[in-house]
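Participant: need coordinates for the below:
(2 chains)
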2 protein chains.
Amino acid sequence: MGKDLSFGRREFLGAGLTAVAAASVGSSSEVLAQQPAKPLPAYVGWKDPNALIIHSDQTLEMKRDLFGSSLITPEDRLFVRNNVKAPPDSIVADRDGWRVEFAGVKEPKTLTLGDLKRMGVVTLATVLQCSGNGRKYFMDKLSGDQKMSGTPWTVGASGCVIWSGVPLKTVIAALGGQVTGVKYITGTGGEEIPAGLNPKDLIVERSVPLKNLDHVILAWEMNGKPLSVAHGGPLRMIVPGYSGVNNVKYVKTVALTVAQTDARIQSTNYRYHSMTEKPSPDHPAVWEQPVKSWITSPLTDKKAGQVQVTGLALGGMNELARVDVSLDGGKTWKEAKFVGPDLGRFAWRLFVLPAVMPPGEYTLVSRARDAKGNVQPEDSPLNGSGYGYNGWRGPAVKIMVA
Amino acid sequence: MGKDLSFGRREFLGAGLTAVAAASVGSSSEVLAQQPAKPLPAYVGWKDPNALIIHSDQTLEMKRDLFGSSLITPEDRLFVRNNVKAPPDSIVADRDGWRVEFAGVKEPKTLTLGDLKRMGVVTLATVLQCSGNGRKYFMDKLSGDQKMSGTPWTVGASGCVIWSGVPLKTVIAALGGQVTGVKYITGTGGEEIPAGLNPKDLIVERSVPLKNLDHVILAWEMNGKPLSVAHGGPLRMIVPGYSGVNNVKYVKTVALTVAQTDARIQSTNYRYHSMTEKPSPDHPAVWEQPVKSWITSPLTDKKAGQVQVTGLALGGMNELARVDVSLDGGKTWKEAKFVGPDLGRFAWRLFVLPAVMPPGEYTLVSRARDAKGNVQPEDSPLNGSGYGYNGWRGPAVKIMVA
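Facilitator: Modelled structure (predicted):
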């Protein structure tokens, strides 16, 4: 392509390139200078192909060097993880007509998204993170005969986004309040289950403790746009502080329930079990995200001198208290400074440590502490499915400064 | 196109449509169902053509129904206003090599963007708003022989975005601090001035009072991505709370100066002058944005019943204190509630008033007050160039509820 980048997308298309090459043009003009990336699956064809690592059609990870420092993750770079094939775009042809059934309330009712929009609106930033984000760091430490399946995510199955929607408690109150005895909020996704298969094996139906009613929202907007199908549009149940799978996409039923659903995705999948046990409903569910942080810059070798070491930290359910950064792999630590807006306890924060780095080899790591005193461990305890990694050791960055 | 929307961009391109149609495919799948929009100018060809009103190649306004409720304006919808033709994309081919000359300091020096990135990083949300946003409301009130030139912006020459960059005061301190007697920060843009024209007539060079050194940043990132050329990349001088023109794009010189620049864009343009006077350096410069708000929903006729009336409010330089909403064109008012994260005093806030609306005709308006007691007037005093409109009457929304 040479060095002349002084043309826009239309001229680029006009140059007679193929449709596949055209699809690789993101909004950032730099991508023009890069090699064509592997094509994206059609349902996320509007994303920036140069921003994503395609593990599979259902699992796309954002590249670590793209987190930036302005907190909100652009939609065209945000990771994608679907448990079941995404529904066709036709489900957003009439957004306000989308129907949601409410149960476990005194006056059970089906409401449309149009109805919900009339009931209330709030806005909330949350970290959206795949339950298995960081699984690669578990995999890297397995010994000879140990095996772990799942996507080898590093840090990029995460983003911080802003949602708008109605508080679930507003809807529940309008439907007469909860019936007695309920303990969970159970959301059911609207994915199509192929004929002949057992719906319980495939349906995306998740239960979370009822205490989350304080802040669960039913969201129709993300980062200023109607929610895309790839991310759960027309309506997604957002459980702030909980890992990705609990934020049910295409939500079509919200039930307050006495027990957790017996759908496989809840009963045996997404459980913290040991390497030797089969997962069962007796194992803890993958719900709340633990305190976590990682370095976002620098990630590559640098010239000697002053460097701004930056990273992102989340408290999961809690406010963050502090982040410490080590340049020597955890031998010595210095407190970093939080900078930029605080988007609330469910969002992440940017931290910065200015450091003067003479020539040498460095191992950059960060360790966050939340306001309740929870601290990132060096490594998370191994679990059979590789969920919830929050160690500070895994995402270490080794660089040479010359 | 029919009703089958279940295809991605690549399949859409594969259907043999023209390059111009392909360029009109935004990230939102709904646009596929709409009529092709007027093509965008090449330098902003990556924007969503369905989101923008094209006043001219240099003046593109976001449609009012797209503000949404999640605070941050997506880059592909953000308004565009260039005073001079944007430079070619080649100026971001080597971002870190971009050179900025610093003057008015004890140790004047030219630094690269790479140097600046090593010196510090902060993150900040600001309302970016064209100085003439709302000019149409002035134009609508002109009497017979009065004339006003300029773009007839309504509310959409505005957005709230998140910047990352280095504080200017950090750079100034590193260069030995300011020389004595300086009173202004003067930034010069890197647009190319066509040969044969007087540079002073065209150059984008703006001076703002030195007190802004407390919070001016030199920004290389917006909304999580390297700053696009359309919005001033590789580097823009952000003067929080000041209207658009003061936020110099492609900044190539930052000088602390004794006087304001004599460039035309400062000396006689962007001045508050009366309808009968020619603008001169004696008129107040268009700098600080006044307190302002407008309704963002509903904008169209509704069914009777409960409605969430939402809008956006900015305090300019100050925190907001409250917003009142009227459904009857200003006869009676009710206090709205701020919802969602507070991104800081230079950002805007979302406000919501739940209202039960029986059938009838409504005129929805909002009136913001800042923490210093400044309140939006009913109409702003007329000025010859139509700058700084912040009346509550202009952006009134008339709807029928049936």
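
Participant: can you give me the strands in the stretch 151-300 of chain A?
Facilitator: Along the stretch 151-300 of chain A, counting by DSSP state E, counting those that start in this stretch, strands occupy A:158-167, A:184-189, A:205-209, A:217-222, A:225-226, A:236-238, A:251-257, A:292-297.

Participant: who wins for proximity to chain B among the ones you listed?
Facilitator: With C-beta to the nearest C-beta, the closest approach to chain B among these belongs to strand A:158-167: 4.0 Å. C-betas here are computed from N, CA, C, even on glycine.

Participant: sorry, back to before: tabulate the strands of the stretch 151-300 of chain A (JSON lines), appending mean neighbour count.
Facilitator: Formatted as JSON lines, those follow (neighbours: other C-beta atoms under 10 Å in any protein chain shown):
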{"stretch": "strand A:158-167", "mean neighbour count": "25"}
{"stretch": "strand A:184-189", "mean neighbour count": "24"}
{"stretch": "strand A:205-209", "mean neighbour count": "23"}
{"stretch": "strand A:217-222", "mean neighbour count": "25"}
{"stretch": "strand A:225-226", "mean neighbour count": "20"}
{"stretch": "strand A:236-238", "mean neighbour count": "27"}
{"stretch": "strand A:251-257", "mean neighbour count": "21"}
{"stretch": "strand A:292-297", "mean neighbour count": "26"}
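
Participant: Serialize the ones you listed to a markdown table and add fields for mean pLDDT and distance to chain B.
Facilitator: Listed next are the strands of the stretch 151-300 of chain A as a markdown table, based on pLDDT from 0 to 100; distance: least, C-beta to the nearest C-beta, whole Å:
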| stretch | mean pLDDT | distance to chain B |
| --- | --- | --- |
| strand A:158-167 | 98 | 4 |
| strand A:184-189 | 98 | 18 |
| strand A:205-209 | 98 | 22 |
| strand A:217-222 | 98 | 5 |
| strand A:225-226 | 97 | 6 |
| strand A:236-238 | 98 | 12 |
| strand A:251-257 | 98 | 18 |
| strand A:292-297 | 98 | 9 |
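
Participant: looking at the ones you listed, which is nearest to B:Glu61?
Facilitator: strand A:225-226 (17.5 Å; C-beta to C-beta).

Participant: can you give me how far the closest one is from the chain middle?
Facilitator: Counting by C-alpha atoms, centre = their mean, to the nearest Å, strand A:225-226 is centred 18 Å from the centre of its parent chain.

Participant: rewinding a little: okay if I get the strands of the stretch 151-300 of chain A as CSV plus distance to A:Pro284?
Facilitator: Shown next, in CSV, are the strands of the stretch 151-300 of chain A (distance: least, C-beta to C-beta, whole Å):
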stretch, distance to A:Pro284
strand A:158-167, 21
strand A:184-189, 15
strand A:205-209, 12
strand A:217-222, 25
strand A:225-226, 35
strand A:236-238, 21
strand A:251-257, 19
strand A:292-297, 17
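
Participant: wait, which of those is closest to A:Pro87?
Facilitator: Taking C-beta to C-beta, strand A:184-189 is the member of these nearest to A:Pro87, at 9.0 Å.

Participant: describe which strands that closest one pairs with in its sheet and in which direction.
Facilitator: Sheet partners assigned to strand A:184-189 using DSSP bridges are listed as strand A:205-209 (antiparallel), strand A:251-257 (antiparallel).

Participant: how about the ones you listed in a markdown table, adding distance to A:Arg393?
Facilitator: As requested, the strands paired with strand A:184-189 are arranged in a markdown table below (distance: least, C-beta to C-beta, whole Å):
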| stretch | distance to A:Arg393 |
| --- | --- |
| strand A:205-209 | 30 |
| strand A:251-257 | 37 |
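
Participant: and the helices in the stretch 1-150 of chain A?
Facilitator: For the stretch 1-150 of chain A, applying DSSP state H, counting those that start in this stretch gives helices covering A:9-14, A:19-23, A:113-119, A:135-139.

Participant: which residue does the stretch 101-250 of chain A have closest to chain B?
Facilitator: Taking C-beta to the nearest C-beta, the stretch 101-250 of chain A has A:Thr123 as its residue nearest chain B, at 3.0 Å.

Participant: that residue and A:Val161 touch, don't they?
Facilitator: No: the pair A:Thr123 / A:Val161 is not scored as a contact, 11.1 Å apart, by C-beta atoms under 8 Å.

Participant: can you get me the start-to-end distance on stretch A:147-156?
Facilitator: 22 Å (C-alpha to C-alpha, to the nearest Å).

Participant: in it, what's buried?
Facilitator: A:Met148, A:Gly150, A:Thr151, A:Pro152, A:Trp153, A:Thr154, A:Val155, A:Gly156 (16 or more other C-beta atoms under 10 Å in any protein chain shown).

Participant: about what we covered before: distance of the residue of the stretch 101-250 of chain A closest to chain B from A:Asn223?
Facilitator: 11 Å (C-beta to C-beta, to the nearest Å).

Participant: please apply the same query to A:Gly114.
Facilitator: 22 Å.

Participant: need the residues of the stretch 51-200 of chain A near chain B, please.
Facilitator: A:66-77, A:88-90, A:92-93, A:117-125, A:162-164 (C-beta under 8 Å from any C-beta of the partner chain).

Participant: contacts only, for the nearest residue to the residue of the stretch 101-250 of chain A closest to chain B once chain neighbours are set aside.
Facilitator: Computed as C-beta to C-beta, 6 or more residues apart in numbering or on different chains, the closest residue to A:Thr123 that is not its neighbour in sequence is B:Gly340, at 3.0 Å. Applying C-beta atoms under 8 Å, 6 or more residues apart in numbering or on different chains to B:Gly340 gives the contacts A:Val122, A:Thr123, A:Leu124, A:Ile162, A:Ser164, B:Ser69, B:Ser70, B:Leu71, B:Arg349, B:Leu350.
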